[in-house]
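Q: Here is a sequence with its predicted model. Questions after.
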Amino acid sequence: MENNYQGIVNLKECLSEALIKRLLEKNDLSAISLDQLSADINMDADLVRSVFRDVNELFLYWFNARVSEIFVGLTADFSEDFEASTREKVLETLMSILEAFADKRSIFQHIHKWALKDFQFGISITISAYHLCDKILTISGDKKKDLPIAAVRRSVRINGLIGLLLKTSLVWFKDDSDGLATTFREVDNNLSQAIEIAESFKLFDGSRYE
């Protein structure tokens with residue numbers, strides 16, 4: 001059973017690498033099929049389709065796996081940092097993600113356009129973005145609470161963070177500054193504005209954003 005599990009993990013990673021390689025070459029997710037990727041890694045197509053429904057699902061797997069690696073590292077760092085505020089941790093997390101994927105911005109530009117054209121993929125991306133921002137808040141100290149009102153407020157904060165990422169991505173796609181300095185300023189300014197708006201609507205429940 002353990003060997004089977006590791007085999008599936010290896011298969012997913014090989015498929016992910018093959019997908020990203022093709023995306024960097026063609027930059028068109030709709031032109032890539034699981035059959036092509038199966039041939040790329042010399043794997044049976046039926047076996048591949050037993051693991052992934054389509055390339056959309058494979059792309060989301062690749063993205064979420066890479067983000068999880070970032071989160072694990074940041075969680076370890078944050079556990080030793082008792083001085084940083086939630087705002088500072090959110091800022092660092094956002095920049096860590098944007099820096100990690102900076103060399104694949106052309107892919108994300110296409111994915112953004114494709115999500116607007118493909119309704120089902122668009123829904124999947126939206127759900128993935130919600131979970132992403134939920135985790136960003138969680139590792140930054142903005143924890144979930146069981147009270148219904150607190151849960152609603154936090155959901156609004158999550159959606160606000162999604163909006164911040166969408167707005168920032170427009171700058172990130174074109175940023176050629178050293179160390180993504182322009183993107184950093186955009187994230188910092190957008191985050192400050194978002195916090196100010198959230199505070200005016202009393203959307204915080206004790207998280208240390210300042």
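A: Received, thanks.
Q: which residue is nearest the centroid of this structure?
A: The centre of the chain sits closest to residue 132, judged by CA atoms, centre = their mean, with a distance of 5.3 Å.
Q: can you give me the offset of whatever helix or strand that residue lives in from its chain's centre?
A: Using DSSP states H and E, the element containing residue 132 is helix 119-139. Here the centre of helix 119-139 is set off from its chain's centre by 7 Å, with CA atoms, centre = their mean, to the nearest Å.
Q: Report all helices and strands that that helix contacts.
A: helix 55-79, helix 86-100, helix 105-117, helix 148-172 (3 or more CB pairs under 8 Å, 6 or more residues apart in numbering; DSSP states H and E). For glycine as for every other residue, the C-beta is placed from the backbone atoms N, C-alpha and C.
Q: winner for burial among those?
A: Across the helices and strands packed on helix 119-139, averaging neighbours per residue (mean count of other CB atoms under 10 Å) puts helix 86-100 on top, at a mean of 19.
Q: which secondary structure elements does that helix contact?
A: Using 3+ CB pairs under 8 Å, 6+ apart: helix 86-100 touches helix 55-79, helix 119-139, helix 148-172, helix 181-200.
Q: Out of these, which gets nearest to residue 112?
A: Evaluated over the helices and strands packed on helix 86-100, closeness to residue 112 peaks at helix 148-172, with 7.1 Å, by CB to CB.
Q: and the helices and strands packed on helix 86-100 as a markdown table, adding distance to residue 100 and mean pLDDT?
A: Shown next, in a markdown table, are those (distance: least, CB to CB, whole Å; pLDDT from 0 to 100):
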| stretch | distance to residue 100 | mean pLDDT |
| --- | --- | --- |
| helix 55-79 | 6 | 97 |
| helix 119-139 | 13 | 97 |
| helix 148-172 | 12 | 95 |
| helix 181-200 | 13 | 95 |
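Q: per-domain residue ranges of the protein.
A: According to automatic domain parsing, the chain comprises the domains 1-52, 62-200.
Q: could these go into CSV alongside distance to residue 209?
A: Putting the domains of the chain into CSV (distance: least, CB to CB, whole Å) gives the following:
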stretch, distance to residue 209
domain 1-52, 35
domain 62-200, 4
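Q: on that earlier part again, mind exporting the helix holding residue 132 as PDB, just the C-alpha atoms?
A: The C-alpha coordinates for helix 119-139 follow below in PDB (Å, rounded to 0.1, in the frame of the first residue of the first chain):
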ATOM      1  CA  PHE A 119     -16.900  28.400 -16.500                       C
ATOM      2  CA  GLN A 120     -16.100  25.100 -14.700                       C
ATOM      3  CA  PHE A 121     -12.400  25.900 -14.400                       C
ATOM      4  CA  GLY A 122     -13.300  29.500 -13.300                       C
ATOM      5  CA  ILE A 123     -15.300  28.000 -10.400                       C
ATOM      6  CA  SER A 124     -12.500  25.700  -9.500                       C
ATOM      7  CA  ILE A 125     -10.000  28.600  -9.500                       C
ATOM      8  CA  THR A 126     -12.400  30.700  -7.300                       C
ATOM      9  CA  ILE A 127     -12.700  27.900  -4.800                       C
ATOM     10  CA  SER A 128      -8.900  27.400  -4.800                       C
ATOM     11  CA  ALA A 129      -8.300  31.100  -4.300                       C
ATOM     12  CA  TYR A 130     -10.700  31.100  -1.300                       C
ATOM     13  CA  HIS A 131      -8.900  28.200   0.300                       C
ATOM     14  CA  LEU A 132      -5.500  29.900  -0.400                       C
ATOM     15  CA  CYS A 133      -6.500  33.100   1.200                       C
ATOM     16  CA  ASP A 134      -8.100  31.200   4.200                       C
ATOM     17  CA  LYS A 135      -4.700  29.500   4.800                       C
ATOM     18  CA  ILE A 136      -2.800  32.800   4.400                       C
ATOM     19  CA  LEU A 137      -4.900  34.300   7.200                       C
ATOM     20  CA  THR A 138      -4.600  31.200   9.300                       C
ATOM     21  CA  ILE A 139      -0.800  30.900   9.300                       C
END
